[in-house]
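In: Build me a structure from this.
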Amino acid sequence: MHKSLIINKGKYCAVLLCIILFSSNLLYSKEYPDYSKSSGISSIILNEQVTNDLEVVCKVWGYVKYHHPAFVDNTYNLDYELFDLIHSIQRINSKAERDSILADWIDGFGSYKVIQNKSEFDIVDSLSIRNLSISWISDTGFLNKKLSDKLIDLRYAQREDENQFVTFSPSDVPNFEKDSLYSNLMELDCGQRLLALFRYWNIIEYYFPYKYLMNNNWEQTLRKYIPIFINANNHTLYLSSCFQLQAEIDDTHAFSTNFFWFFFGNKVAAIQMRFIGERLIITDVKQNDLTASELRAGDEVIQIGDKTLDERMQIIRKHTSKSNENVFLRDAALVLGFTREDTVDITFKRGQDTCKTKVSTLFSRDYSSWIKTMNPYVFGFLEDSIGYIEAGKVDMSNANDVIEVISKANALIVDLRCSSSIEFYQIAMDLLVPNNTEFALYTSPVKKMPGVFKQKRLRTQIYDGTKFHGKIVVLVDEATQSHLEFLTMLLQSSSKVTVIGSQTAGADGNVTYVYLPAKITSVFSSIGVYYPNGQETQRVGVSIDKVITLIYSQKTGQVQK
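Out: Numbers count the residues shown, from 1 in each chain. Take a look at the predicted model:
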């Protein structure tokens, strides 16, 4: 027993030692001040020179983070390196001193081999450089020549495909899971808030394939947000700053329900709404909810709670990353119903009459469950031999029945105004599209050249069984997003397919998570998806053969196509 106790005690001490080492950052080979709880930067007084210095620090720090060959292991903590840099920059008075500090900082990571006579075009045969915006490294008006030369050399350093700060999946999706969430902190100091800005800005700078499609210039966005993050001196302002920044990338994959739960509440009025034109229209009412009995589909909502729709919409728009206006209105229609209350006042119009009623609310998870029960129809025959399939409800339990519908139908309607379905994607690949036909190309990061994307063309698979020979109508709208847009492109490789509906979400490609201090997680589209001719789907959505627009008649209270 005594020997066993000693052994167990030894194991306990070993575990405790690991915890102590990890929490005090001694697992890094380089020693740092203890920045685990505070960067030591409580405030920064801004002027033109300080803003310039912080812009340069952000760009150089991020560039070095993803380029330097030294970062293959956990020798360095780049968050703490940034805090050290900001401390140093605060003590200088000139651009020359700043650039000297940064040049010495780069030298501190050691020497490396530079690949001679190389350029971006030598890395792979086919690539996309329209996202690339690193001309600043050779701008000797922005940096002095010594620092500029170091950064140019670093661009062509001989390095591994990955480092500790960015790894890649087998399909070349970048991963940033090593970035610390600082999940034990809620109130961040000024340095930690700048870390959030600098981390996010550099990830988008080098790994977002659609940066060139943003409404605003990303470099100018950095300067815009430096004072915003410096002044975000409480948790609410910091959250708001993060989601305003996220909204700048114009990517619906980055939409965050969690922020609006925090801001408005995580309960939802027991009605379903959507925008038709500029009007917010009730499309369904929870039938067993007595408080909602005064409402009916077709009513126009003009106010929710004590805030006008315009007041709520301003907040939602400011914090929403959207690929296009249609998908923004899709998401806004849901968020407008968010509240913390058990009941909410709804002011609505029916014809020429304006009324007000109080409606009960559901927790968001219960609301989602209710929405899923609204249309139980999955597949079958509409009339004669016309088959109908709602792709989002196809799964392993009914896949064989769906295949049977396809085998018996002379024509087919495929409804993609729904959630994603991997099972139906494979059915479509096997039965509904021609063999070995190019249907898309995608771009993914060139691992050794941050900011550059290579292209790969995608073809349909070879299937030896019987193909469907009838006509196919595909239904799409703003609910058709991501994998469903990709599925539409796959189906469009068949000449027998006609796509009908309205603009889709315009957010395609695999997604990547970004981790920011105070346990904030963001998302962006990290693989670019295009038609074979290079036509974009991001922001614009898929190609539609027959556009159908819904119109609301205020006089009749009816929705018309």
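In: okay but residue 180 is in contact with residue 517, surely?
Out: Yes - between residue 180 and residue 517 there is a contact under C-beta atoms under 8 Å: 7.4 Å. Every residue, glycine included, has its C-beta placed from N, CA and C.
In: For these two, indicate the residue with more neighbours.
Out: Per other C-beta atoms under 10 Å, whichever of residue 180 and residue 517 has more neighbours is residue 517, with 25 against 15.
In: List phi and psi for that one.
Out: For residue 517, the backbone dihedrals are phi -50, psi 150 (criterion: degrees, to the nearest 10).
In: pretty sure it is touching residue 185, no?
Out: Yes - Residue 517 sits in contact with residue 185 when judged by C-beta under 8 Å, with a separation of 6.5 Å.
In: list residues touching both of the two?
Out: Each of residue 192 lies in contact with both residue 517 and residue 185 under the rule C-beta atoms under 8 Å, 6 or more residues apart in numbering.
In: okay, now residue 345: neighbour count?
Out: Per other C-beta under 10 Å, the neighbour tally for residue 345 reads 15.
In: count of neighbours near residue 478?
Out: 26.
In: residue contacts, it?
Out: Going by C-beta under 8 Å, 6+ apart, residue 478 touches 326-327, 329-330, 502-505.
In: Name the residues contacting each of residue 180 and residue 517.
Out: Residues touching both residue 180 and residue 517 by C-beta under 8 Å, 6+ apart: none at all.
In: List the buried residues in the host helix or strand of residue 153.
Out: Using DSSP states H and E, residue 153 sits in helix 145-155. For helix 145-155, a neighbour-count test (16 or more other C-beta atoms under 10 Å) marks 147-148, 150-151, 153-155 as buried.
In: Show me the helices in the stretch 101-250 of the chain, by range?
Out: Per DSSP state H, counting those that start in this stretch, the stretch 101-250 of the chain carries helices over the ranges 145-155, 190-207, 218-230, 235-247.
In: just the ones you listed: most buried one?
Out: Compared across these, helix 190-207 shows the largest average neighbour count, a mean of 24 (mean count of other C-beta atoms under 10 Å).
In: Convert that helix to PDB, retaining C-alpha atoms only.
Out: C-alpha atoms of helix 190-207 as PDB (Å, rounded to 0.1, in the frame of the first residue of the first chain):
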ATOM      1  CA  CYS A 190      -6.300  47.200 -24.700                       C
ATOM      2  CA  GLY A 191      -3.400  44.900 -25.800                       C
ATOM      3  CA  GLN A 192      -5.700  41.800 -25.800                       C
ATOM      4  CA  ARG A 193      -8.300  43.600 -27.800                       C
ATOM      5  CA  LEU A 194      -5.700  44.600 -30.400                       C
ATOM      6  CA  LEU A 195      -4.600  41.000 -30.500                       C
ATOM      7  CA  ALA A 196      -8.100  40.000 -31.500                       C
ATOM      8  CA  LEU A 197      -8.100  42.600 -34.300                       C
ATOM      9  CA  PHE A 198      -4.600  41.800 -35.600                       C
ATOM     10  CA  ARG A 199      -5.300  38.000 -35.500                       C
ATOM     11  CA  TYR A 200      -8.500  38.200 -37.400                       C
ATOM     12  CA  TRP A 201      -7.300  40.800 -39.900                       C
ATOM     13  CA  ASN A 202      -4.300  38.600 -40.900                       C
ATOM     14  CA  ILE A 203      -6.200  35.400 -41.200                       C
ATOM     15  CA  ILE A 204      -8.600  37.100 -43.600                       C
ATOM     16  CA  GLU A 205      -5.700  38.800 -45.300                       C
ATOM     17  CA  TYR A 206      -4.000  35.500 -46.300                       C
ATOM     18  CA  TYR A 207      -6.600  32.800 -46.100                       C
END
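In: For that helix, what does the pLDDT average out to?
Out: Mean pLDDT, helix 190-207: 98.
In: Put together TSV for the helices of the stretch 101-250 of the chain, with distance to residue 468 on each row.
Out: Below are the helices of the stretch 101-250 of the chain laid out as TSV (distance: least, C-beta to C-beta, whole Å):
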stretch	distance to residue 468
helix 145-155	51
helix 190-207	39
helix 218-230	45
helix 235-247	42
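In: Report the contact partners of residue 204.
Out: Residues counted as contacts of residue 204 (C-beta under 8 Å, 6+ apart) are 211, 218, 249, 524.
In: Quick check: the farthest pair among these?
Out: 218 and 524 (12.4 Å; C-beta to C-beta).
In: Out of the contacts of residue 478, which is nearest to residue 176?
Out: Proximity of these to residue 176 (C-beta to C-beta) peaks at residue 505, which lies at 24.0 Å.
In: Where does the closest one fall, secondary structure wise?
Out: Remark: residue 505 resides in no helix or strand, with elements defined by DSSP H and E.
In: Nearest residue to it in space, ignoring adjacent ones along the chain?
Out: Nearest residue to residue 505, sequence neighbours excluded (C-beta to C-beta, 6 or more residues apart in numbering): residue 481, at 3.5 Å.
In: who touches the one you found in this structure?
Out: 252, 327, 504-505, 507.
In: Any chance of a markdown table for those residues, columns distance to residue 466?
Out: Shown next, in a markdown table, are those (distance: C-beta to C-beta, whole Å):
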| residue | distance to residue 466 |
| --- | --- |
| 252 | 38 |
| 327 | 37 |
| 504 | 30 |
| 505 | 33 |
| 507 | 35 |
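In: Where in the protein is the helix or strand with the lowest mean pLDDT?
Out: Each helix and strand of the chain was given a mean pLDDT (mean pLDDT, DSSP states H and E); the minimum falls on helix 2-23 at a mean of 40.
In: Pop the domain breakdown of this structure in here.
Out: The chain breaks down into these domains under automatic domain parsing: 1-28, 32-249, 261-372, 379-440+454-552.
In: hang on, residue 355 packs against residue 303?
Out: No - contact criterion C-beta under 8 Å: residue 355 and residue 303 do not qualify, at 11.2 Å.
In: overlap in contacts of these two?
Out: residue 347.
In: Please identify which of those two sits among more neighbours.
Out: residue 303 (18 against 12).
In: Can you tell me the SS state at the more buried one?
Out: Per DSSP: H, G, I helix; E, B strand; the rest coil, the secondary structure class of residue 303 is strand.
In: residues near the residue nearest to it when sequence neighbours are not counted, how many?
Out: Closest residue in space to residue 303, ignoring its immediate chain neighbours: residue 347 at 3.9 Å, by C-beta to C-beta, 6+ apart. Using other C-beta under 10 Å, residue 347 is surrounded by 16 other residues.
In: Then residue 542?
Out: By other C-beta under 10 Å, neighbour count at residue 542 equals 26.
In: That one reaches residue 490, doesn't it?
Out: No - Residue 542 is not in contact with residue 490 according to C-beta under 8 Å; the separation is 10.6 Å.
In: on that earlier part again, can I get the buried residues of helix 145-155 in CSV with pLDDT and distance to residue 272?
Out: Shown next, in CSV, are the buried residues of helix 145-155 (pLDDT from 0 to 100; distance: C-beta to C-beta, whole Å):
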residue, pLDDT, distance to residue 272
147, 98, 57
148, 97, 57
150, 97, 57
151, 97, 53
153, 94, 58
154, 95, 53
155, 94, 52
